[in-house]
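Chemist: Just a sequence and a predicted model for now, questions to come.
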Amino acid sequence: MIRTFLDSGVLIAAFRSRNAASTPALTLLDDPERVFVTTDYVRRLEVLPKPLYFRRETEAEFYEAFFAAAELVEVSQALVSAAFEEARQAGLAAMDALHVAAAKRASVDEFITVERLTSPMFRVAGLMVRTLESVG
């Protein structure tokens with residue numbers, strides 16, 4: 001099994017059928033060879049707030065189905081400390097640093113994002129970071 005951490009943009013792309021990235025994102029989510037890893041940072045701070053606020057129930061249910069099946073990395077002060085070090089070393093934004101620290105803590109095989117190759121995410125050492133387009 002391939003242990004995979006998805007950036008929130010991949011989940012959002014999967015739901016939005018008008019988006020060019022939706023087909024590869026949905027294909028990725030349907031891959032039976034993958035185990036998905038996530039955190040409450042992705043769930044409760046990035047993906048669910050807007051669909052819940054705007055009462056987009058179908059979208060919220062789509063995301064909740066993903067989170068129900070995913071392995072959850074515990075949010076902790078130690079994770080925040082690790083994220084600080086990741087941010088300091090690679091120049092990451094706060095949320096990206098939290099995601100990277102969680103992915104490393106869970107020993108994922110890959111971290112998949114919709115970020116551009118020029119993003120600081122691709123400067124992270126010790127983590128296979130791939131774009132959604134490169135997953136095949």
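Modeler: Alright, I've got the coordinates.

Chemist: Which residue of this structure lies farthest from its centroid?
Modeler: For the chain, the largest distance from the centre (C-alpha atoms, centre = their mean) belongs to Arg55, which lies 22.8 Å off.

Chemist: how far does the worst-scoring helix or strand of the chain on mean pLDDT sit from the chain's center?
Modeler: Within the chain, no helix or strand scores below helix 22-29, which has a mean of 91 by mean pLDDT, DSSP states H and E. The gap between where helix 22-29 is centred and where its chain is centred comes out at 13 Å by C-alpha atoms, centre = their mean, to the nearest Å.

Chemist: which residues are contacting it?
Modeler: 4, 6, 10-11, 13-16, 34, 36, 66, 112, 132-133, 135 (C-beta atoms under 8 Å, 6 or more residues apart in numbering). Yep, even glycine has a C-beta here, placed from its N, CA and C like the rest.

Chemist: Just checking: what are the partner strands of the helix or strand following it?
Modeler: Sequence-wise, the next helix or strand downstream of helix 22-29 (DSSP states H and E) is strand 34-38. Strand pairing for strand 34-38, using DSSP bridges, gives strand 2-6 (parallel), strand 71-72 (parallel).

Chemist: related to what we said a few turns ago, buried sites along the least confident helix or strand of the chain?
Modeler: 22, 24-25, 28-29 (16 or more other C-beta atoms under 10 Å).

Chemist: Equivalent analysis for stretch 86-93, please.
Modeler: For stretch 86-93, by 16+ other C-beta under 10 Å, it's 86-87, 90, 92.

Chemist: what's the farthest-apart pair in these?
Modeler: Using C-beta to C-beta, the buried residues of stretch 86-93 reach their maximum pairwise distance at Ala87 and Ala90, which is 7.0 Å.

Chemist: and for those two, which residues touch both?
Modeler: By C-beta under 8 Å, 6+ apart, the residues touching both Ala87 and Ala90 are Ala97.
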